[in-house]
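1. Build the 3D model from these lines:
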Amino acid sequence: MEKDLKRIKSQMLNDELAGFEFTEKMRRQVLNEIDKRHEKKRQIFKPMIPITVTAAFLVISSAGIYHITNIQNQPNQQSEEPSVLPPAEKGEEKPVLVFPGYIPEGYEFMHTKTNDEVNEHVYVKKDTEDSFSYRMQNKVQTYLEDTKEDIQLSQNLQGTIFHGQDLTALIWEHDGYFHILEQKGSMEEIEFLKIADSIIVKHGIESNLDEEIAKLKKETEETEKQNEADTNPDNKEPINEVPALTEAEALDFLKRFEEIYDSAYETDDSLKSAKFNTKNEFYEAFSEVMTAKETERKFVYRMTEKQDGLYFIPMDGILTWSFELPYDFEKVNERKYIITQQSVSDLHGHGPLSVTFEYMDDSTWMITDYRKTEEEHPGDEVPALTEEQALDIIKQFEKIKDNNYRASENLKIDWFKTKDQFYRAFASVMTKEEAERNFSYRITEKEDGLYINPMDGLQSWAFQVPHAYTKINEKKYTLSQYREDDLHGDGTFSVTFEYMYGTTWMITHYGK
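-> Numbers count the residues shown, from 1 in each chain. This is a model prediction of the structure:
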């Protein structure tokens, strides 16, 4: 059957192709048709080539990046501490430890330390042992209390600066962390404050330190030039000849100082300054007669800044020049004069009041020192303390106590920030040691100021109760009285007066 079918198919083909001839023209047409079809296939695949290559490159690159990332994420047991902050723990955002925007000349970045409690950048000065660091930590750092002072870093940010031997530290609190800038070595304070200023600015806070830096810079320049003038008094150009300061001119300086002092202390009933909002504005008022450094030394603890202005701390005024008493006028050198008189004051005691005038680089004479010197009474003679004078000293003490040992409803003393400032308020009538003995356990320092501890008041002298007045020796007297007191108990209340510094009678003991 199969053979019959093949035979029939062959016969049919032979019949259909009978007389068919495949000419040369037909051959060329067939070849042309084949070429056309090949060209279409090439046009289809040609644009696919770069796409395919690109896709292959992306696959290979992705695999490589994954491999590199995987290696970097592996713990390196041989590496040292990381030089960047650790990532925040899950659910906890940690503030950024910024790098200081200002680095003093000679200092180089050493490393960054990080752990659960402290993040710290450390810098060292090449070929020295000097270093500084900036760190954030969640626990406050402690330093010696007697070396600290408050400093306003910005309008709403206050810090505390500590000065020690070969160490300075500045602490402030922000975003729930304690920020600490610390330097060890001989870095100048102006460089230290520049670092602090740059850090505060990097945290997006408007810094107030530029004023302090400018003031320090001016004082440093004045000191350097004055030291050069003192060590080389003859090394001056003729055109810079220093004009002599006459006695009349020196007295005019003192009169002008007294006028500014009386005017500057204008207040209302709350002791708020009627003219100034800040301490610096107050100091500037004396700029025509006294250097900023001496003005600050003399008045800094007599006032306090608050949000609504400047307030004066209730305390006795400064010892002023008496134009009725004799004086000595001395020329120390071409650029320095001193005028001195033996002051007589029931409040401040007897002794020499000395005022120093110096010729400044801006070609003006200025008061650079105004103070009572700690010299013995003329001829080593100690003036007797009368009973009336002793009682008057007690009255002055009670007045200072009543003005300062009081507080608002929350027991805060608004005009003091530290215990040391509180003790200074009694400096004209009582030694610091005795003020501290009487009040140290009655007041507490907190971050926002000084507070009175709730307790019974200090027992006071009773002027209506009889008393005995006794001279122990030439430099020591006592007042005593027997007290019957339900609150403080019965017993003898005594006050001891001693002649201090060769100039002043002061209370050295007050109480039972």
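
2. Tell me the helix or strand right after the least confident helix or strand in the chain by mean pLDDT.
-> Lowest on mean pLDDT, DSSP states H and E among the helices and strands of the chain sits helix 48-72, with a mean of 51. Downstream of helix 48-72, the next assigned helix or strand under DSSP states H and E is strand 107-114.

3. list the buried ones in that following strand?
-> 107, 112, 114 (16 or more other C-beta atoms under 10 Å). Every C-beta, even on glycine, is put in place using the N, C-alpha and C of the backbone.

4. For residue 469, give me the pLDDT.
-> Note on residue 469: pLDDT of 91.

5. gap between it and residue 461?
-> 13 Å (C-beta to C-beta, to the nearest Å).

6. List just the nearest of the buried residues of strand 107-114 to residue 484.
-> residue 114 (66.1 Å; C-beta to C-beta).

7. ok, residue 469 and residue 461, which is more surrounded?
-> Shown here are residue 469 and residue 461; by other C-beta atoms under 10 Å, residue 461 has more neighbours (19 against 14).

8. A strand includes the more buried one, no?
-> No. Under DSSP: H, G, I helix; E, B strand; the rest coil, residue 461 falls outside any strand and is assigned coil.

9. Setting aside sequence neighbours, what's the nearest residue to it?
-> residue 394 (5.0 Å; C-beta to C-beta, 6 or more residues apart in numbering).

10. what does residue 474 give?
-> residue 382 (5.1 Å).

11. Go ahead and flag the most central residue of this protein.
-> Geometric centre of the chain, nearest residue: residue 151, 4.2 Å, by C-alpha atoms, centre = their mean.

12. For it, give the beta-bridge partners.
-> Beta bridges link residue 151 to residue 159, judged by DSSP bridges.

13. Could you number the chain from 798 rather than 1 from now on?
-> With 798 as the first residue, the last one maps to residue 948.

14. list the residues that contact both of residue 1266 and residue 1258?
-> Taking C-beta atoms under 8 Å, 6 or more residues apart in numbering as the contact rule, the neighbours common to residue 1266 and residue 1258 are residue 1276.

15. Kindly indicate whether residue 1047 is helix, strand or coil.
-> Taking three-state DSSP, the label given to residue 1047 is helix.

16. neighbours around it, how many?
-> Neighbour number of residue 1047 under other C-beta under 10 Å is 19.

17. With residue 1251 instead?
-> 7.

18. which ones are touching it?
-> residue 1208.

19. what about 10 Å?
-> 1208, 1239 (C-beta atoms under 10 Å, 6 or more residues apart in numbering).

20. Now do the same for it: helix, strand or coil?
-> Classified using three-state DSSP, residue 1251 is coil.

21. give me phi/psi at it?
-> Residue 1251 adopts backbone torsions of phi -70, psi 110, taken as degrees, to the nearest 10.

22. ok, it to residue 1218 distance?
-> In terms of C-beta to C-beta, residue 1251 sits 21 Å off from residue 1218.

23. Quick check: which ranges of the stretch 1148-1297 of the chain have low pLDDT?
-> For the stretch 1148-1297 of the chain, the stretches flagged by pLDDT under 70 are 1148, 1170-1178, 1204.

24. Surely residue 976 touches residue 892?
-> Yes. If you go by C-beta atoms under 10 Å, residue 976 and residue 892 touch, sitting 9.3 Å apart.

25. who has more neighbours, these two?
-> More crowded of residue 976 and residue 892, by other C-beta under 10 Å: residue 976, with 24 against 15.

26. So what sits opposite that one in the bridge?
-> Going by DSSP bridges, residue 976 forms beta bridges with residue 933, residue 969.

27. So the residue nearest to residue 1258: helix, strand or coil?
-> Looking at residue 1191 with three-state DSSP, the answer is helix.
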